[in-house]
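Peer 1: What shape does this take:
(one chain, ligands or ions: 2)
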Amino acid sequence: MRLLVTGGAGFIGSTFARSILSREDATEVLVLDALTYAGNLENLEPVARRPGFEFLRADIRDAQAVRESFQLFRPDVVVHFAAESHVDRSILSPTDCVATNTQGTAVLLEAARQYPPRLFVHVSTDEVYGSIDAPGVADEASPLRPSSPYSASKAGSDLLALAYAETFSLPVIVTRASNNYGPYQFPEKLIPLMIANALDDVPLPVYGDGMQVRDWLHVEDHCRAITVLIEQGRPGEIYNVGGNCPLPNIEVVRRILRLCDRPEALIEHVPDRPAHDRRYALTSAKLQAESEWRPAWQFDEGLRETIRWYRRNPGWVERVRSGEYLRYYNRNYSGRGAAMAR
Ligand code: NAD
Ligand code: TYD
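Peer 2: Ligands and ions are numbered 1, 2, ... in the order given. Got it, this is the predicted structure:
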C-alpha cells in the first residue's frame, strides 16, 4: 500500500507513521509536512531509515507541490493530518488556521480528484460539534456548532471533504476524534504543557475554574482506529473516535501533579479562553458497531506512561520549544522536495 500522510511530522501523524511502518507488511509511506513549529523530524527518527519511508517538505497550501506529490507518488490511501491544531493559536491568528485547515484541505482534495486514491481519510475533531450540554453526547449526525476559529476551520474542511465525496465520488472518510494525549505532543496542549511545567516546578495555568470537560483518547488508540477504518471503513461516512474518558481539566491537572510528585500549590487559575467550550462528549458507537476497535489504554496508565516519556526526553521538549531541530533541518536539508537523510 502506498500511503500519503500529511502532517506526519506532528504529534498524531508521526505516531501513525511510526506505527504503520513498524508493522511486518511494511507499507510505502510518504510524509508530506511543511515543518511548522509543530512538525519535527525527530518524531520520525525511529522509522526514518526503514525501507519505504520518504519525507517531502511541502505546504498543503502549495497546489503545485501537492499536485506533484500525488502525480509522482500515486498514493493508494491519503491520511490527512496536517493542520494548525491549537485553539489558542487560532484565536491569535484565525486566518492562518483557515488557510491551512480549510484552504489546504481544498488543495489536497483537488489533487486527489486528479489522481484518485482508493481512500482519502480526513482526520478531524469532536470540536466541530461545539460544546455539548450534559448528559448529551454527539453522534455523527449531530449539528456542527464550532465556536473557535480552529473548530470552524475544521468544520469547513469536513464539509468540503464530504462535498467532494458527493460531487466527485471521491472515496472520503471523515474521522472526528476527541482530545488526544501521549508521547511527542507539543507542549502547548493541556497535558504535555502541564507535565512540562510540573517537571520544571513552574505554575500550571488552568483556564477559568478548570471545570471544562474533555474526553481523553490515547494517541495510539486514535491511530489504531484510523488503521481499522482504512481496512474496514465505508467511504462517504463520518466516524467519531472517543476515548470514553470524560474528565474536567482540573482533575487531569491534579492527577499529573500527583504522578509527578508535585504540590497542588503549583496550580494557577488564569483568565479563561474566549468562547471556551464547556464540555465535549461524543459516542463512538458507530465505529464500535462496525469493527472490533475499542480504546485499549486506561487513562491513568496512559498518563503515567506519558509522564515517564516526558521525564526521559527533556531534550525533546527543549528542542521543540526552541525550534532548534527546525533550524538544523533548514541548514542541512533545505529546499522543496529534499528527502530526509537515510
Ligand atoms: P500537530 O500540531 O502536532 O501537527 C500538525 C502537523 O501538520 C505538523 O507536523 C505541522 O508541521 C504540519 N502542518 C501544519 N501546517 C501545515 C501546512 N500548511 N502544510 C503542511 N503541513 C502542515 O497536530 P496533531 O495534534 O498531530 O493533529 C493532527 C490532526 O488531528 C489535525 O488535523 C487535528 O485537527 C486533528 N485532531 C487533533 C486532536 C488532538 O487532540 N491533538 C484531536 C482530534 C483531531
Ligand atoms: P487544549 O489541549 O488546548 O485542547 P482543546 O482546546 O483543543 O480541547 O486544551 C484542553 C483543555 O485544557 C481546554 O479546556 C483548555 C484547557 N487548557 C487550560 O486550562 N490551560 C492551558 O494552558 C491549556 C493549553 C489548555
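Peer 1: where in the chain is pLDDT low?
Peer 2: 24-26, 328-342 (pLDDT under 70).
Peer 1: Can you name the residues of it that neighbour ligand 1?
Peer 2: Selection of the chain residues close to ligand 1 by C-beta under 6 Å from any ligand atom yields 7, 9-13, 33-36, 38-39, 59-61, 81-85, 100, 104, 123, 125, 154, 177, 179-180, 186. Where you see a C-beta, it was placed from the backbone N, CA and C, and this is true even at glycine.
Peer 1: What about Asp261, how many residues nearby?
Peer 2: 7 (other C-beta atoms under 10 Å).
Peer 1: how about it, what does it touch?
Peer 2: Contact analysis of Asp261 by C-beta atoms under 8 Å, 6 or more residues apart in numbering lists nothing.
Peer 1: Assumed it was part of a helix.
Peer 2: No - under the criterion used here (DSSP: H, G, I helix; E, B strand; the rest coil), Asp261 is coil, not part of a helix.
Peer 1: Which phi and psi values does it adopt?
Peer 2: phi 60, psi 50 (degrees, to the nearest 10).
Peer 1: Could you number the chain from 718 rather than 1 from now on?
Peer 2: In the new numbering, first residue 718, that becomes Asp978.
Peer 1: neighbours around Arg1029, how many?
Peer 2: 10.
Peer 1: Also the one 5 residues further on?
Peer 2: Under the neighbour criterion other C-beta under 10 Å, Val1034 is assigned a count of 17.
Peer 1: ok, and it, which helix or strand is that part of?
Peer 2: For Val1034, the element it lies in under DSSP states H and E is helix 1031-1039.
Peer 1: Output the contacting helices and strands for that helix.
Peer 2: Here helix 1031-1039 touches helix 907-917, going by 3 or more C-beta pairs under 8 Å, 6 or more residues apart in numbering; DSSP states H and E.
Peer 1: Let me know the angle separating the helix it packs on from helix 1031-1039.
Peer 2: Interaxial angle, helix 907-917 versus helix 1031-1039 (axes from the mean of the first three to the mean of the last three C-alpha atoms, to 10 degrees): 120 degrees.
Peer 1: Return the list of strands paired to the next helix or strand after helix 907-917, each annotated with direction.
Peer 2: Next helix or strand after helix 907-917 toward the C-terminus (DSSP H and E): strand 921-924. Strand pairing for strand 921-924, using DSSP bridges, gives strand 984-987 (parallel).
Peer 1: Alpha carbons of the next helix or strand after the partner strand, as PDB, please.
Peer 2: Per DSSP H and E, the first helix or strand lying C-terminal to strand 984-987 is helix 1002-1007. As requested, the backbone C-alpha atoms of helix 1002-1007 are provided in PDB (Å, rounded to 0.1, in the frame of the first residue of the first chain):
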ATOM      1  CA  ALA A1002     -20.900   3.500  18.900                       C
ATOM      2  CA  LYS A1003     -20.800   3.600  15.100                       C
ATOM      3  CA  LEU A1004     -17.100   2.700  14.800                       C
ATOM      4  CA  GLN A1005     -17.600   0.000  17.600                       C
ATOM      5  CA  ALA A1006     -20.600  -1.500  15.800                       C
ATOM      6  CA  GLU A1007     -18.700  -1.800  12.500                       C
END
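Peer 1: How far does helix 1002-1007 sit from its chain's centre?
Peer 2: Centroid separation for helix 1002-1007 versus its chain: 21 Å, with C-alpha atoms, centre = their mean, to the nearest Å.
Peer 1: what helices or strands is that helix leaning on?
Peer 2: Going by 3+ C-beta pairs under 8 Å, 6+ apart, helix 1002-1007 lies up against helix 936-949, strand 955-958.
Peer 1: for this protein, what's the longest helix?
Peer 2: The longest helix of the chain (DSSP state H) is helix 866-885.
Peer 1: Are that one and ligand 2 in contact anywhere?
Peer 2: No - against ligand 2, helix 866-885 shows no contacts by C-beta under 6 Å from any ligand atom, the least distance being 7.0 Å.
Peer 1: repeat for stretch 724-735
Peer 2: No - in terms of C-beta under 6 Å from any ligand atom, no part of stretch 724-735 sits within range of ligand 2; the closest distance is 10.9 Å.
Peer 1: Check stretch 804-818 too.
Peer 2: Yes - applying C-beta under 6 Å from any ligand atom, one finds stretch 804-818 touching ligand 2 at Val804.
Peer 1: just how off-centre is the helix holding Val1034 within its chain?
Peer 2: That offset, for helix 1031-1039, works out to 19 Å (C-alpha atoms, centre = their mean).
Peer 1: swap in stretch 814-832?
Peer 2: On C-alpha atoms, centre = their mean, the centre of stretch 814-832 falls 17 Å from that of its chain.
Peer 1: Quick check: buried residues in that stretch?
Peer 2: 814-826, 828-829 (16 or more other C-beta atoms under 10 Å).
Peer 1: Of these, which is the nearest to Glu762?
Peer 2: Thr817 (24.6 Å; C-beta to C-beta).
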